[in-house]
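**Student:** Using only what follows, build the 3D model:
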Amino acid sequence: MLNYGDNNQQVPVIKEKSSSVRLKVTDKCNLSCIYCHNEGKANTDDIVWTSLTEGALRTLINALNLSEVHITGGEPTCLNNIDDLVKNLTSLGLFVKITTNGQFTKAKLDSLADKGLGQLNFSVIALNPTDFIKTQNKKNLYWAQRCIERQKRIIYDARKMKAKIKLNTVVNNIQNICRVLTVYNFAKEKNIKIRLLNDLWSGQSAITAINQILENELKAKKTGEKIVLGSSSKISYYEDQDGFKFGVKEIIKNKLKSMCSNCEENCIEEFYGIRLHKYRGRIFVMLCLTNLNEKTFLPLEDFIKSQQLEEISSICYN
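**Tutor:** Numbering: from 1, shown residues only. Have a look, this model is predicted:
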């Protein structure tokens, strides 16, 4: 288990069953962040609203008692007709969240809001061009500054909407602490919810950096935990010395017997949850970021009849 801060501290723990799936709608992205896992790095098709998409969501709603879909990518706003997709997902009674880098227009934001978008999770890389460019495969500081300014404007506009907003920033290693604290202080100044995420590919280096931020920089006190049952997802909640509350995402040990038996991969995420992809014209379910095989990446129609669904459903959803 990956723990941060004072492990002996007794705090309230919330345990909840999942009611959500992640829907990867595109591989396209207008940034090239070096730590992006791209929801598994599989080369997948764009997802638009068709009878295939609707049928897949209805099937999973019935099988897993879903109430939420989390749209991811790539960058979801690079998808043509993302607004239409949001509209149709909400028409099924689903709460729709989106993770985005905020590189889009106010008109697009207004359209997503009008279609019923419920929450935006903004991935905030950095707030100065020098730090920003270090995470990209580009070297143009002027371009980086424009990206930062565009994202800030969208975050400010999103605060005026009914939809919830949250900032996420990734921690890689101790060399990134100043970058992370700049993003943290921005969220604190604007009173916006923020979570620190450990870069999965950086392993212990990211965890060490987060511990240093919590203990040395913020002198934070742990106030609670939320664990998603049957998932490797855990959020620890903290309060800094000024009383500002924030979260830290953790990956905890969690394997599926039906999927992980005899697997010898060095797993970075274990079983986190269900991801939907479109691949070669069919809807697939991805259950693992690290090792793609017939147990972890399978057509929806096979997943519905699988031992994996039976095990997941018994623990996580129903």
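**Student:** host element of residue 158?
**Tutor:** helix 141-159 (DSSP states H and E).
**Student:** got the buried residues for that helix?
**Tutor:** 144, 147, 148, 151, 152, 154, 155, 158 (16 or more other Cβ atoms under 10 Å). In short, each C-beta sits where N, CA and C put it, glycine included.
**Student:** got it, and stretch 26-35?
**Tutor:** For stretch 26-35, by 16+ other Cβ under 10 Å, it's 26, 27, 29, 31, 33, 35.
**Student:** Pull that stretch out as PDB, backbone CA atoms only.
**Tutor:** Provided in PDB are the C-alpha atoms of stretch 26-35 (Å, rounded to 0.1, in the frame of the first residue of the first chain):
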ATOM      1  CA  THR A  26     -10.100   9.900 -28.500                       C
ATOM      2  CA  ASP A  27      -6.400   9.400 -28.800                       C
ATOM      3  CA  LYS A  28      -6.000  13.000 -30.100                       C
ATOM      4  CA  CYS A  29      -4.500  15.600 -27.900                       C
ATOM      5  CA  ASN A  30      -3.200  19.200 -28.400                       C
ATOM      6  CA  LEU A  31      -0.400  18.600 -25.800                       C
ATOM      7  CA  SER A  32       2.300  15.900 -25.400                       C
ATOM      8  CA  CYS A  33       2.700  15.500 -21.600                       C
ATOM      9  CA  ILE A  34       5.700  13.200 -20.900                       C
ATOM     10  CA  TYR A  35       3.900  11.400 -18.100                       C
END
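**Student:** ok, residues contacting it?
**Tutor:** Identification of contacts with stretch 26-35 by Cβ atoms under 8 Å, 6 or more residues apart in numbering yields 36, 38, 43-44, 46-47, 73-76, 78-79, 101, 103, 123, 125, 135-138, 147, 170, 172, 199-202.
**Student:** Next, give me the two most distant ones among the buried residues of helix 141-159.
**Tutor:** Longest distance between any two of the buried residues of helix 141-159 is 21.2 Å, between 144 and 158; criterion Cβ to Cβ.
**Student:** rewinding a little: what's the next secondary structure element after the helix holding residue 158?
**Tutor:** strand 164-171.
**Student:** What residues does the residue most central in space within the chain make contact with?
**Tutor:** Nearest to the geometric centre of the chain sits residue 99, at 6.3 Å (Cα atoms, centre = their mean). Contact analysis of residue 99 by Cβ under 8 Å, 6+ apart lists 70, 71, 72, 73, 76, 121, 123, 168.
**Student:** what about residue 67, neighbour count?
**Tutor:** 13 (other Cβ atoms under 10 Å).
**Student:** For it, give me its contacts.
**Tutor:** Per Cβ under 8 Å, 6+ apart, neighbours of residue 67: 19, 20, 93, 94, 95.
**Student:** shouldn't the first one be in contact with residue 69?
**Tutor:** No. Taking contacts as Cβ atoms under 8 Å, residue 19 lies outside contact range of residue 69: 10.0 Å.
**Student:** Tell me which of those two has more neighbours.
**Tutor:** residue 69 (26 against 17).
**Student:** Surely that one is in contact with residue 93?
**Tutor:** No. Counting by Cβ under 8 Å, residue 69 does not reach residue 93; the two are 10.6 Å apart.
**Student:** can you pull out the helices in the stretch 101-250 of the chain?
**Tutor:** For the stretch 101-250 of the chain, applying DSSP state H, counting those that start in this stretch gives helices covering 106-114, 129-134, 141-159, 177-190, 204-212.
**Student:** Tell me how many other residues surround residue 15.
**Tutor:** 9.
**Student:** Helix, strand or coil: sort out it for me.
**Tutor:** Three-state call for residue 15 (DSSP: H, G, I helix; E, B strand; the rest coil): strand.
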